[in-house]
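Q: After the sequence you'll find the predicted model.
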Amino acid sequence: MPERTLTFPGPVSPGHTLAPHRRGPGDPCFQIDADGAIWRTSLQSTGPVSARIARTAPDTVLCRAWGDGAEEFLANLPALLGADDDGAGFTPSHPTLELAQRRVPHLRLGRTGRVLEALIPAVLEQRVQGIEAFRSWRLLVTRYGDPAPGPAPARMRVPPSARAWRAIPSWEFHRGGVDPGRMRTIAGVAARADALERLSTAEPLTSLPGVGVWTAAEVAQRAFGDADALSVGDYHLSNMIGWTLLGRPIDDAAMVDLLEPMRPHRYRAVRLLEVSRLAQLPRRGPRLARHRISGL
């Protein structure tokens, strides 16, 4: 059982860094055990892996891994936990963002380096409520992903390979609530998986049918740790930014203008507001899971 211990120059929060990779509470690739440790599965280039990531001291993380991809996963652990994230130059002047930074000065943005694992769930989240996308992800991964290696929690699965995604019958996508447009996009990106894994930025993704700026930004945040990747087109994001920083709703164009002075840290600003619990979005009717509408 390979393992690796990382000590950071200050407090570390794996929960904050890894939260964007969790696709709902029933995600078969991401679970939190009774001790608060994070279990995560992945399909590395060397094979499947299950990993248990636990904070053992305020500045220390211990990761144990199982499966053929364990050594590769552990080699990339510092990047995953944001060890090379550079927040230098981020000096917000807005009082709310200043407070958020003081509350969570140790926030780190990580990167997986696994493009397809970030891209396919992002495609599933296009144009639907988050709860619907999470259900699609859970059903498809549970059925077509392999069982997680090692002593992972019950029902955990490794994300399907590109070949497995391409082989899923159309009626299974339909059963999972995935419309033909998103189904075609998933098949298309899976067919280009080898080339996609060689990318160093998400910018070329928008040349693919069915992949727009919102989807590319979601991949950039997770696969590449891009601190500036702003999810323009998200149903709630512009309103959240508007209510939190201005006290009123705004549209995407106004959000882009408002956050422009924060380049190249616009996504960092969004995560700080979320993690610090300062983000505001007044309820107007029944509360819904986060809504996705972009990607075209």
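A: Now that the structure is in, tell me what you want to look at. Keep in mind that what you see is a predicted model, and the values were worked out from it rather than measured.
Q: drop to CA atoms for contacts and neighbour counts, all remaining ones
A: Noted.
Q: Paired strands for the longest strand along the chain, with orientation please.
A: Ranked by residue count under DSSP state E, the longest strand found in the chain is strand 47-57. Strand 47-57 pairs in its sheet with strand 38-44 (antiparallel), strand 60-66 (antiparallel), by DSSP bridges.
Q: Contacts for the last one, please.
A: What that stands for is strand 60-66. The contact list for strand 60-66, computed with CA atoms under 8 Å, 6 or more residues apart in numbering, reads 1-8, 11-12, 14, 49-56, 71, 73-74, 149-150.
Q: Now, of those, which are buried?
A: For these, a burial check counting by 16 or more other CA atoms under 10 Å picks out 5-7, 12, 14, 49-55, 71, 73-74, 149.
Q: got CSV for the strands paired with strand 47-57, with mean neighbour count and mean pLDDT too?
A: Listed next are the strands paired with strand 47-57 as CSV, based on neighbours: other CA atoms under 10 Å; pLDDT from 0 to 100:
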stretch, mean neighbour count, mean pLDDT
strand 38-44, 23, 98
strand 60-66, 20, 98
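Q: Nearest to residue 18, out of these?
A: With distances scored as CA to CA, the stretch of those nearest to residue 18 is strand 38-44 (8.6 Å).
Q: CA-only coordinates of the closest one, as CSV, when you get a sec.
A: In CSV, the C-alpha atoms belonging to strand 38-44 read as follows (Å, rounded to 0.1, in the frame of the first residue of the first chain):
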residue,chain,number,x,y,z
ILE,A,38,-11.7,12.0,1.7
TRP,A,39,-11.9,9.0,-0.5
ARG,A,40,-11.3,9.7,-4.2
THR,A,41,-11.0,7.4,-7.2
SER,A,42,-9.5,8.2,-10.5
LEU,A,43,-8.4,6.5,-13.7
GLN,A,44,-4.8,7.4,-14.1
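Q: Can you tell me what sits against that strand?
A: Contact with strand 38-44 is made by 15, 29-33, 48-54, 69, 72-73, 114, 117, 148, 152-153, 156-161, as judged by CA under 8 Å, 6+ apart.
Q: show me the contacts for residue 138.
A: By CA under 8 Å, 6+ apart, the residues touching residue 138 are 26, 27, 28.
Q: now residue 9: how far from residue 201?
A: Separation of residue 9 from residue 201 (CA to CA, to the nearest Å) stands at 27 Å.
Q: who has more neighbours, these two?
A: More crowded of residue 9 and residue 201, by other CA atoms under 10 Å: residue 201, with 18 against 9.
Q: give me phi/psi at that one?
A: phi -140, psi 170 (degrees, to the nearest 10).
Q: which stretches of the stretch 101-250 of the chain form strands?
A: Ranges of strands in the stretch 101-250 of the chain, per DSSP state E, counting those that start in this stretch, are 146-147, 157-158.
Q: tell me what the first one is packed against?
A: Based on contacts counted as 3 or more CA pairs under 8 Å, 6 or more residues apart in numbering; DSSP states H and E, the elements that strand 146-147 packs against are strand 157-158.
Q: which residues sit against the strand it packs on?
A: By CA under 8 Å, 6+ apart, strand 157-158 touches 28-29, 41-43, 48-50, 141-142, 145-148.
Q: One more pass at 6 Å, please.
A: The set of residues external to strand 157-158 that reach it, using CA atoms under 6 Å, 6 or more residues apart in numbering, is 28, 29, 41, 42, 145, 146, 147, 148.
Q: Tell me where the model's unsure across the stretch 1-150 of the chain.
A: Along the stretch 1-150 of the chain, no part satisfies pLDDT under 70.
Q: hang on, the earlier thing: out of the strands paired with strand 47-57, nearest to residue 219?
A: Proximity to residue 219 (CA to CA) singles out strand 38-44 among these, at 15.4 Å.
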